[in-house]
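# Just the structure for this:
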Amino acid sequence: MKKIKFTYILCALLFTINTAISQIRTGADQTSKYLNYLKGKKIGMVVNPTSRIGNKPIVDSLISLGVNIVKVFGPEHGFRGDLGAGVKVPDDIDPITGIKIVSLYGKTNKPTKAMLEDVDLMVFDIQDIGVRYFTYIATMHRVMEACAENNKELLILDRPNPNGYLIDGPILDMAYKSDIGMHPVPITHGMTIGEYAQMINGEGWLANGIKCNIKVIPVLNYSHDMEYIPPVNMSPNINTYHAALLYPSTCLFEGTVLSEGRGTQFPFTVIGSPAFKGIYDFSFTPVSIPEMSATPKHLNKRCFGLDLRQLDLKELREGKKIDLSWLIETYKRYPNRSIFFDHNQSIQIVVFDKLAGGPGLRKQIIAGLSEAEIRKSWEPGLEKYKKMRKKYLIYP
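Take a look at the predicted model:
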């Protein structure tokens, strides 16, 4: 009898958890909360392929619902997501809707006064990955700043953070501020884009401490620890859930001489180099893939290294940390350590330091510190950040 009762309780609990997850509704999906607010206004949209209502692009959906969208602002990868990483996005006319597309990843990265003159209200709806070096945070910062400077309100349609459970990494040294790190936060910040926008405002991070008038449509039935698998790829190279969870750790390899899998159909889930021949058995060959990676590192060269695709996703989440073991291991095993960390001679910048948020992590690895010792050095900064973060949370 007790066994039957326990089984019943367990089944009920699992049903409750699965029901809650299935009832997650993004801000965009809750049209009843904002549709009337949009109507009668000239709307500017900051969107990309992740911006959807159900299974349809949000721009197409809102037009069909009678919303007057006068302009779309395209971030990295473009409005329709047909451009690879780092490729400049041109101004254009959307062939499907006829709406003007203004690039925020080309000649300008911030809306100008002229661009906003015919806009009454801006809407931001992009799926973020919860990692400091994902460029959509920088895009949102600049949009917020432009709206504040031009007295425009910004409506943010919030979405879950697939890495919302994870707060880890060194805090950015602001001397290394860039598009892949604009704010003094850890590598993984554990916030949704709506919460993050509130933090940008609250901490006075916009130019001259100005505030953007923002309105957030929260996600329904969401908490930070929930597993969330985005229904659309977050970028051309974040094309699996494995990649999304591994990205906080494996993107650091973009600042090394190793390939992080760009030029394959499984980027950010493999690591390797031709120099590891005879050291590792697993291999892959980066090739040019239009709309993903046209000129990846080690183009057409067989790379040997680590295959992370078989890692257990549950264990990845339960670990609640950025994994430094792969970085430490490959550095120790690389035949010529002096060139391991990428260095741009023309502008005297160590790219790895921009990703890591400063030179500390690189120097610690070179000095031979263990992962435990490195993580210990992060603790004071993380503790301070977590206290600050609490002020801006929308979800438990």
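# which sections of the stretch 251-396 of the chain are below the confidence cut-off?
Judged by pLDDT under 70, the stretch 251-396 of the chain has its weakly predicted residues at 343-349.
# show me where it has helices.
Along the stretch 251-396 of the chain, counting by DSSP state H, counting those that start in this stretch, helices occupy 313-319, 325-333, 351-356, 360-366, 371-390.
# and the fourth one, what does it pack onto?
What that stands for is helix 360-366. Packing partners of helix 360-366 (3 or more C-beta pairs under 8 Å, 6 or more residues apart in numbering; DSSP states H and E): helix 325-333, helix 351-356, helix 371-390. All C-beta atoms are positioned from the backbone trio N, CA, C, and that covers glycine.
# Can you tell me which of these is nearest to Asn300?
Asn300 lies closest to helix 325-333 among the helices and strands packed on helix 360-366, at 21.4 Å (C-beta to C-beta).
# For Arg120, which non-adjacent residue is spatially closest?
Arg isn't right for residue 120; it's Asp. Nearest non-adjacent residue to Asp120, counting by C-beta to C-beta, 6 or more residues apart in numbering: Lys41, 4.0 Å away.
# Ramachandran coordinates for the one you found?
phi -120, psi 160 (degrees, to the nearest 10).
# Can you read off the pLDDT for it?
Here the pLDDT value assigned to Lys41 is 97.
# Now do the same contact list for it.
Each residue near Lys41 by C-beta atoms under 8 Å, 6 or more residues apart in numbering is listed here: 68, 120-121.
# how far away is it from Tyr334?
56 Å (C-beta to C-beta, to the nearest Å).
# swap in Leu206?
For Leu206, the distance to Tyr334 (C-beta to C-beta) stands at 41 Å.
# So this structure: which segments form each domain?
Per automatic domain parsing, the domain ranges recorded for the chain read 31-217, 241-358.
# can you redo the ones you listed as JSON lines with distance to Ile366?
Conversion of the domains of the chain to JSON lines gives the following (distance: least, C-beta to C-beta, whole Å):
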{"stretch": "domain 31-217", "distance to Ile366": "15"}
{"stretch": "domain 241-358", "distance to Ile366": "8"}
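# Go through these and name the closest to Trp378.
Here domain 31-217 is closest among those (C-beta to C-beta), at 5.4 Å.
# and Glu318, how many residues sit next to it?
As a burial measure, Glu318 scores 10 neighbours (other C-beta atoms under 10 Å).
# residues in contact with it?
Glu318 touches nothing, counting by C-beta under 8 Å, 6+ apart.
# returning to that earlier point: for the contacts of Lys41, pick the one with the most neighbours.
Leu121 (17 neighbours).
# I figured it hits Lys39, correct?
No. In this structure, Leu121 is not within contact of Lys39 by C-beta atoms under 8 Å, at 10.6 Å.
# any idea where the strands of the stretch 51-200 of the chain begin and end?
For the stretch 51-200 of the chain, the strands defined by DSSP state E, counting those that start in this stretch cover 52-53, 56-57, 68-74, 92-93, 100-103, 121-125, 153-157, 167-168, 188-189.
# contacting residues for Ile279?
304, 333 are the contacts of Ile279 under C-beta under 8 Å, 6+ apart.
# how near is it to Asp120?
From Ile279 to Asp120 the distance is 60 Å (C-beta to C-beta).
# ok, now Tyr37?
Distance from Tyr37 to Asp120, by C-beta to C-beta: 11 Å.
# What of Tyr196?
Distance from Tyr196 to Asp120, by C-beta to C-beta: 24 Å.
# likewise Met234?
In terms of C-beta to C-beta, Met234 sits 29 Å off from Asp120.
# same check, this time on Thr256
46 Å.
# now swap in Ser51 and tell me
For Ser51 relative to Asp120 (C-beta to C-beta), the value is 19 Å.
# repeat for Asn336
From Asn336 to Asp120 the distance is 58 Å (C-beta to C-beta).
# go on, Tyr34?
Distance from Tyr34 to Asp120, by C-beta to C-beta: 14 Å.
# What count of nearby residues applies to the closest residue to His242 other than its chain neighbours?
The shortest distance from His242 to any non-neighbouring residue, by C-beta to C-beta, 6+ apart, is to Thr269 (5.2 Å). By the measure other C-beta under 10 Å, the count of residues near Thr269 is 23.
# Can you read off the backbone torsions of Thr269?
phi -120, psi 0.
# from memory it sits against Thr240, does it?
Yes. Using C-beta under 8 Å, Thr269 is in contact with Thr240, at 7.0 Å.
# Please enumerate the shared neighbours of the two.
What both Thr269 and Thr240 touch, as defined by C-beta under 8 Å, 6+ apart, is an empty set.
# which residues touch the closest residue to Trp378 other than its chain neighbours?
With sequence-adjacent residues excluded and distances taken as C-beta to C-beta, 6+ apart, Trp378 is closest to Pro170, at 5.4 Å. Pro170 is in contact with 186-187, 356-358, 360-361, 377-378, 381, counting by C-beta under 8 Å, 6+ apart.
# Recalculate using a threshold of 10 Å.
Contacts for Pro170 (C-beta atoms under 10 Å, 6 or more residues apart in numbering) come out as 132, 186-187, 322, 356-358, 360-361, 364, 374-375, 377-378, 381-382.
# Now the two most distant members of these.
Arg132 and Gln364 (18.2 Å).
# Looking at the two now, which is surrounded by more residues?
Arg132 (25 against 19).
# Hmm, the more buried one is touching Gly169, no?
Yes. With contact defined as C-beta atoms under 10 Å, Arg132 counts as touching Gly169 (7.5 Å).
# Quick check: Glu153 touching Lys211?
No. If you go by C-beta under 10 Å, Glu153 and Lys211 don't touch, sitting 11.6 Å apart.
# More neighbours: these two, which one.
Neighbours per residue (other C-beta under 10 Å) separate Glu153 from Lys211, with Glu153 holding more: 16 against 12.
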